[in-house]
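**Q** requesting a structural model of the entry that follows:
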Amino acid sequence: QVELVESGGGTVQTGESLRLSCAASGSIRNNYGMGWFRQLPGKEREFVAAITIPGGSTYHADSLKGRFTISVASAKNTAHLQMNNLKPEDTAVYYCAVSPVLGYLESEYNYWGQGTQVTVSS
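**A** The predicted structure follows:
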């Protein structure tokens, strides 16, 4: 069993930044993928970014490249999602998940966090 704890969500204004963190614990593989997904109000959950831990290979959604960056944190089994120049359309619940691979499909991820709310006001 793997537990994931997300942190760093909140309410910001347009143009501001937030950094989300995800810490994994439990039966962690030596090499795995950690991904971020988000669910906008009334929409399906969508892929944001993923990274291999500890390798650091990344994959970002094309629509978010340049504003969102995923990275491995110095803390063990932790990754950050840096979100810059936030827009009201980024308002969503952001979920962290782990996978045996560096994937972008929900079906590739077998453990999920509870989610953290990000609200961007105009």
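**Q** centroid residue for the protein?
**A** For the chain, the residue nearest the mean C-alpha position is residue 36 (2.5 Å; C-alpha atoms, centre = their mean).
**Q** for it, which non-adjacent residue is closest in space?
**A** In this structure, residue 36 finds its nearest non-sequential neighbour in residue 48, 4.2 Å apart by C-beta to C-beta, 6 or more residues apart in numbering. Backbone N, C-alpha and C define where each C-beta goes, glycine included.
**Q** so that neighbour versus residue 27, what's the distance?
**A** 25 Å (C-beta to C-beta, to the nearest Å).
**Q** more neighbours: those two, which one.
**A** residue 48 (25 against 9; other C-beta atoms under 10 Å).
**Q** what lines up beside whichever strand or helix holds that one in the sheet?
**A** For residue 48, the host element (DSSP states H and E) is strand 45-53. Taking DSSP bridges as the criterion, strand 45-53 sits next to strand 32-39 (antiparallel), strand 58-60 (antiparallel) in its sheet.
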